[in-house]
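Visitor: The following block contains a protein sequence and its predicted model.
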Amino acid sequence: MYEEFKEQLRRNPEGWYKVCLPWKGNHPPLPNNEMGSLKRLSALTRRLEKQPGMLEKYSDVIQDQLTQGIVEHVTDEAKGREFYIPHKPVIRETAESTKLHIVYDASARAHEKAPSLNDCLETGLPLQNSLWSMLVKNCFHPVAFTGDLKQAFLQVQIWEPDQDALCFHWYRVLKTKNIQTLRFTRALFSLAPSPFLLGGVIQEHLELCRERFPVEVDEILCILYVDDLISGEATVDKAKHVKETSKAIFSEAQFDLHKWHSNVPS
């Protein structure tokens, strides 16, 4: 499966990586779940309207994703498998950055006996390091530090025909409740294969950078857990070098390493 992933992987001139969804070869027919999505949108709207301003905040998140190109308007007929994903809010008041997240239910079913979108996709190989071994190893470094890939899954682009399986409903105008169809152009956190797709993109990108940064690439491969960089060094200068080099390497693939923390304030 990983070899097939590498054969289909593409990269555009801006540095973005584009992948195909790994469909199971023998998956049962996938109903598009359009009615189920509309039904859950109605229930979601009633729930959001009970909290003053929450419907507008929810809509602002989607509008921001439209502006960034993470989602787009659907203006043509489906070219591939079509599926409508229901969604709901998750609110974390203690979050460092984004407090309102929209979670998409890729395990939703059109009816009891129908498969979900996740049922039809291969999960892929586990490419992440062992978190326990990384944490234990870093206990021996006096300077510990961590970083996070901002919206990591959403930086992996999806091949156009597969985007039709990532449709969802929202309102064109909140006041009139005029419903429109949108679709994701990027990988979703809730998709079963997303950790594999992200891990595969990162590994291939690091291999492309190995000739210029051989030592740094080897280190990053050892200190990265999914979208978190967890490391430590003997001195502040060495820690800063790892930080700046890692940021430069990932920026070439349109990833932003942020949320840096350390036990050493400087």
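Guide: Perfect, I can see it now.
Visitor: Helix, strand or coil: sort out Val201 for me.
Guide: Classification of Val201 by DSSP: H, G, I helix; E, B strand; the rest coil places it in helix.
Visitor: count of neighbours near the nearest residue to it once chain neighbours are set aside?
Guide: Nearest non-adjacent residue to Val201, counting by CB to CB, 6 or more residues apart in numbering: Tyr17, 4.5 Å away. (Each C-beta comes from the backbone N, C-alpha and C, glycine too.) Using other CB atoms under 10 Å, Tyr17 is surrounded by 21 other residues.
Visitor: can you give me the strands for the stretch 51-200 of the chain?
Guide: Assigned by DSSP state E, counting those that start in this stretch, the stretch 51-200 of the chain shows strands spanning 71-73, 87-91, 100-104, 143-149, 156-158, 167-173, 178-184.
Visitor: quick one: which of those is nearest Asn32?
Guide: strand 167-173 (8.1 Å; CB to CB).
Visitor: now that closest one, how far from the chain's geometric center?
Guide: Counting by CA atoms, centre = their mean, to the nearest Å, strand 167-173 is centred 20 Å from the centre of its parent chain.
Visitor: so what does it touch, helix or strand wise?
Guide: Other helices and strands packing on strand 167-173, by 3 or more CB pairs under 8 Å, 6 or more residues apart in numbering; DSSP states H and E, are helix 34-49, helix 54-68, strand 178-184.
Visitor: so what's the residue most central in space within the chain up against?
Guide: For the chain, the residue nearest the mean C-alpha position is Phe153 (1.9 Å; CA atoms, centre = their mean). Applying CB atoms under 8 Å, 6 or more residues apart in numbering to Phe153 gives the contacts Arg186, Ala187, Leu188, Phe189, Ser194, Leu197, Leu198, Asp227.
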